[in-house]
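S.K.: Sequence and predicted structure below; questions after.
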Amino acid sequence: WSDSKKTIITSHSKRDFSYALSNNIEFNAYVLDLVQLHYVVDPSSSHKIEKLLNLYLNIEVDDRPKDALFLNSYSAQDAAGIVSNLVAGQVILAESLEKRIQENSLSDIYEKIDLPLLKILNMVEGHGVLINVNYLKELEIDFEEELLEIENKIIEITGETINLRSPKQVGTLLFETLGL
């Protein structure tokens with residue numbers, strides 16, 4: 001994973017980044033995250049790897065029953081067949097999705113936005129973030145003051161008292177009182 005000249009094809013790079021981070025493994029390889037690539041190509045559809053393999057390559061990875069979740073419930077030969085279909089399908093799918101990314105001029109989105117964000121989000125999830133509690137408290141006070149000013153302006157204009165935190169009162173004000 002540390003070799004920047006290598007390309008890793010995966011269906012879940014966040015899991016891979018997490019493993020590397022938790023085991024102090026340097027992760028410099030170029031990553032082709034199939035799920036993320038597909039999201040860039042077609043954000044509105046399903047991104048499950050099994051569905052992608054079926055959709056793009058007509059490969060049925062595995063039609064195992066839902067109660068057979070783990071490969072150890074299969075014979076070695078059947079498990080090897082499932083894994084080999086999955087791996088071979090992912091390599092072919094990577095080529096197909098890379099081509100679509102390039103054809104649609106989406107390489108920059110994947111390489112400059114999505115891929116770096118995957119690493120950053122993984123680090124945030126692994127380490128957490130520092131929150132400036134004092135700043136948030138000050139912000140809350142500022143918002144309270146601003147909300148009170150808005151409520152007072154509404155009272156001046158309509159002559160009615162309103163709680164802006166009440167969707168019902170805001171709805172009544174907008175649609176019944178003001179007729180919007």
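M.R.: Structure received.
S.K.: tell me which element Ile9 falls in.
M.R.: Assigned by DSSP states H and E, Ile9 belongs to strand 7-10.
S.K.: got the buried residues for that strand?
M.R.: 9-10 (16 or more other Cβ atoms under 10 Å). Backbone N, C-alpha and C define where each C-beta goes, glycine included.
S.K.: What strands flank it, and is each parallel or antiparallel?
M.R.: Counting by DSSP bridges, the strands paired with strand 7-10 are strand 30-33 (parallel).
S.K.: Now the strand holding Ile9: average pLDDT?
M.R.: Regarding strand 7-10, the rounded mean pLDDT is 86.
S.K.: next structured bit after it?
M.R.: helix 13-22.
S.K.: Run through who's touching that next one.
M.R.: 1, 8, 10, 25-27, 31, 33, 36, 115, 118-119, 121-123, 125-126 (Cβ atoms under 8 Å, 6 or more residues apart in numbering).
S.K.: do the same with stretch 172-180
M.R.: Counting by Cβ under 8 Å, 6+ apart, 154, 158, 160, 162 sit against stretch 172-180.
S.K.: Need the distance between the two termini of that stretch.
M.R.: In stretch 172-180, first residue to last residue: 10 Å (Cα to Cα, to the nearest Å).
S.K.: Pull out the buried positions in that stretch.
M.R.: Applying 16+ other Cβ under 10 Å to stretch 172-180 flags Leu173 as buried.
S.K.: Repeat that for stretch 8-19.
M.R.: Those would be 9-11, 13-14, 16-17, for stretch 8-19 by 16+ other Cβ under 10 Å.
S.K.: Could you check how far Ser84 is from Gln90?
M.R.: 11 Å (Cβ to Cβ, to the nearest Å).
S.K.: Which one's more surrounded, the two?
M.R.: The residue with more neighbours, out of Ser84 and Gln90, is Gln90; 20 against 10, by other Cβ atoms under 10 Å.
S.K.: In three-state terms, label the more buried one for me.
M.R.: For Gln90, the assignment made with DSSP: H, G, I helix; E, B strand; the rest coil gives helix.
S.K.: Next one: it from Glu26, what distance?
M.R.: From Gln90 to Glu26 the distance is 24 Å (Cβ to Cβ).
S.K.: Check Thr177 too.
M.R.: 63 Å.
S.K.: ok, which stretches of this protein are helices?
M.R.: 13-22, 34-41, 49-57, 76-103, 107-108, 115-127, 133-158, 167-171 (DSSP state H).
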